[in-house]
Every structure is written in structure tokens, then in C-alpha cells.
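Novice: Just need the structure, nothing else, for what follows:
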Amino acid sequence: MTALRCLGIDTSNYTTSTALFDGTDGYNLGRLLDVPQGALGLRQSDALFQHVKRLPELFRQLRAEGRLEGLAAVGASVKPRWVEGSYMPCFLAGESLGRSLADTLGVPFFPCSHQQGHLAAAAWSAGRPDLLDRPHLAWHLSGGTTELLFVTPEGYGVRAEKIGGTSDISAGQLIDRTGKLLGLAFPAGKALDALAGDSQAEGKFRVRAEGLTFSLSGVENKVQALAETAEPAEVARFALATVADVVGRVTRAALEEHPGLPVLCSGGVASNRLLRDVLTKACGAIFAPPQYSTDNALGVAILAHRVLTEGRA
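Specialist: Below you'll find the model as predicted:
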């Protein structure tokens with residue numbers, strides 16, 4: 001029986017990404033957008049422009065590698081979260097190309113959210129695709145999002161209800177601002193993680209949590225003050241340890257309300273080593289490999305494959 005190969009497209013604020021999934025094997029091809037030195041991100045118009053320029057380059061490479069033959073369906077992320085009012089212009093690039101390609105090939109098009117794609121990619125790449133068919137808790141920890149989710153199966157995808165997280169800046173924003181303060185390139189997560197590994201300092205700021213919600217905006221002031229007297233490695237470790245500590249405490253509190261549920265971690269911040277250590281010890285959290293923690297289209301292709309095969313069944 002011929003495997004059904006599905007194409008996924010994701011055009012987030014910082015990564016142009018394409019992926020293929022056939023039910024067994026997955027392949028992701030992506031490229032970070034260019035962010036000017038010293039900047040903390042891109043305007044939506046600039047991100048959209050870069051996606052439009054990058055997508056043909058990625059498809060040219062996929063074609064050269066022979067990966068576009070026999071596509072059975074196309075999927076794309078069309079919004080940040082699958083809730084009313086969730087919208088970012090950069091996702092129009094992937095959605096427009098995906099719909100056009102599906103119509104040209106005469107195959108189905110399946111939309112999903114960027115967040116749903118993150119969860120699907122994390123579950124599959126961690127060897128736990130069963131999580132997509134059962135309730136679980138999940139963290140979406142990225143440059144723009146720090147949300148604790150109660151996830152349940154819904155149709156071919158998942159329903160992600162926010163039950164906690166930050167009330168202001170995300171963990172990723174704190175990390176990138178700390179990185180800029182220390183002269184690191186954007187996005188700063190990987191470099192800050194490496195720098196923190198050069199310090200054995202145990203300092204951190206205890207962020208106050210109200211239920212399952214917390215604020216990280218005040219931590220930025222603490223980081224700036226520490227940077228005036230401490231070495232960069234200690235500053236990096238302080239910022240990451242603070243994030244890991246509050247996420248760990250909130251996770252334990254959530255498990256008191258939802259005992260026994262697995263905890264899945266997705267998003268680029270979830271690849272941080274301190275955070276992984278804290279959550280592994282706290283609850284045996286499930287993590288995607290680092291390459292599938294960051295923005296990618298694999299989860300989009302996985303969700304498209306799920307609806308296609310379940311529909312055929």
C-alpha cells in the first residue's frame with residue numbers, strides 16, 4: 001500500500017518552514033527570517049515579505065530532493081491559536097500558497113493553528129503520538145507565547161484551552177531581551193542557554209504566581225540590575241533559572257488540579273536545558289527533540305495526515 005504523503009507549511013513570525021509526513025517518517029525544511037543586528041524581532045509586514053521570498057526557495061529544494069511527488073494533501077497554519085480573533089498577517093503567506101497548491105493538485109487543504117502544529121510536532125517527535133488522542137497538559141513556550149494548556153482531542157487535531165501562563169511578556173521575550181542586553185544575536189535562546197552553562201551560580205528571582213498565572217515583566221529589571229555587577233554567564237543563568245523555577249512551580253500546581261495527566265512541552269524555549277531539568281524532575285515532562293521544539297511545519301503535516309487517513313477510514 002502506497003504511503004499517503006502530506007505537505008505542511010508554517011510561516012511564523014521568525015521561521016519559514018515546510019514539512020512532509022507519510023504516517024511513519026517526517027521531514028522538516030525551514031529557514032529563520034533575517035532580523036537586523038540589535039533588533040528584537042520584525043514588523044509583521046517585514047516578516048510577511050520575507051516569507052513570500054523564502055517559500056519558493058524551500059519548494060525548489062524540496063523538488064530537487066524529490067520530496068514533492070505524490071502529495072495526497074496540503075496543510076498550513078493559518079493563525080497563531082485556534083480561537084476566535086487570533087490573527088497574524090505572516091500566516092497569510094503559507095495559507096495562500098497552501099490553498100493554491102492544493103487546488104492545483106486537486107488534493108484536500110487542511111488548515112490548523114500554529115499552536116496546534118507545535119503540539120503535534122512535539123508529541124510525535126517525542127515518541128508520544130498517543131497524546132494527540134488523550135487529555136494532557138502542555139506548555140507552549142516560545143518567543144511570543146508562554147501558555148499552560150489543557151489539551152483534548154478534537155476532530156483531527158487538538159483543542160487547547162489556556163489555563164495558565166504569563167499575564168504580560170513571554171518567557172521568550174525575557175530571554176531575547178536578556179540576550180540583547182548581553183550582546184547576543186536574536187533570537188537569543190540557544191546562545192543564552194550555552195552561556196548559562198558557563199556559570200554555576202544558583203541565584204534566581206522567585207516570581208509570584210496567582211493561581212496558574214504569573215508575570216515576568218519585573219524580572220527584566222532584576223536582570224538589568226544584575227548585569228551591572230555580574231559576569232554575562234551568571235546573568236544568563238539567572239534569567240533562565242528564574243523562568244524554569246516559576247514554570248516548574250506552576251506545573252506542579254496544575255497537576256494538583258489535574259492529577260495524573262502527562263505534561264508535554266513545546267516551543268523554542270522548551271529546548272532550554274535548565275527548564276528541561278526542572279520539569280523532568282518535577283513531573284517527568286515530555287519534551288520534543290530541540291529541532292522540533294522550535295517553529296516547524298512538521299506538526300501541520302502530521303495533522304493533515306490524521307484527517308486524511310481518518311477520513312479515508
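
Novice: where exactly do the strands run in the stretch 1-150 of the chain?
Specialist: 5-11, 15-21, 26-32, 71-79, 109-113, 136-141, 146-154 (DSSP state E, counting those that start in this stretch).

Novice: Columns mean pLDDT and distance to residue 128 on top of the ones you listed, output as CSV?
Specialist: For the C-beta atoms, the positions are set from N, CA and C on the backbone; glycine is no exception. As requested, the strands of the stretch 1-150 of the chain are arranged in CSV below (pLDDT from 0 to 100; distance: least, Cβ to Cβ, whole Å):
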stretch, mean pLDDT, distance to residue 128
strand 5-11, 98, 19
strand 15-21, 98, 16
strand 26-32, 97, 14
strand 71-79, 98, 21
strand 109-113, 96, 19
strand 136-141, 97, 9
strand 146-154, 96, 12
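
Novice: Pick the most deeply packed of those.
Specialist: For these, the largest average neighbour count (mean count of other Cβ atoms under 10 Å) is found in strand 5-11, namely a mean of 30.

Novice: what about dumping the CA coordinates of that one to CSV?
Specialist: The C-alpha coordinates for strand 5-11 follow below in CSV (Å, rounded to 0.1, in the frame of the first residue of the first chain):
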residue,chain,number,x,y,z
ARG,A,5,2.4,11.9,1.8
CYS,A,6,1.1,15.2,3.2
LEU,A,7,2.8,18.6,2.9
GLY,A,8,2.7,21.1,5.8
ILE,A,9,3.5,24.8,5.6
ASP,A,10,4.1,27.2,8.6
THR,A,11,5.0,30.8,8.2
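
Novice: quick revisit: same list, the strands of the stretch 1-150 of the chain, but as a markdown table with distance to residue 274 please.
Specialist: Below are the strands of the stretch 1-150 of the chain laid out as a markdown table (distance: least, Cβ to Cβ, whole Å):
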| stretch | distance to residue 274 |
| --- | --- |
| strand 5-11 | 27 |
| strand 15-21 | 23 |
| strand 26-32 | 23 |
| strand 71-79 | 29 |
| strand 109-113 | 28 |
| strand 136-141 | 12 |
| strand 146-154 | 15 |
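
Novice: who wins for proximity to residue 193 among the ones you listed?
Specialist: strand 136-141 (12.9 Å; Cβ to Cβ).

Novice: Could you list the paired strands of the closest one along with their orientation?
Specialist: strand 146-154 (antiparallel), strand 263-266 (parallel) (DSSP bridges).

Novice: Which of these sits closest to residue 245?
Specialist: Among these, strand 146-154 comes nearest to residue 245, with 13.7 Å by Cβ to Cβ.

Novice: which residues touch the next helix-or-strand element following the closest one?
Specialist: For strand 146-154, the following helix or strand on the C-terminal side (DSSP states H and E) is strand 157-166. Contact partners of strand 157-166, identified using Cβ atoms under 8 Å, 6 or more residues apart in numbering, comprise 81-82, 112, 115-116, 119-120, 132, 138, 140, 145-153, 211-216, 250, 254, 303, 306-307.

Novice: low-confidence ranges in this protein?
Specialist: Across the chain, residues meeting the criterion (pLDDT under 70) sit at 1-2, 311-313.
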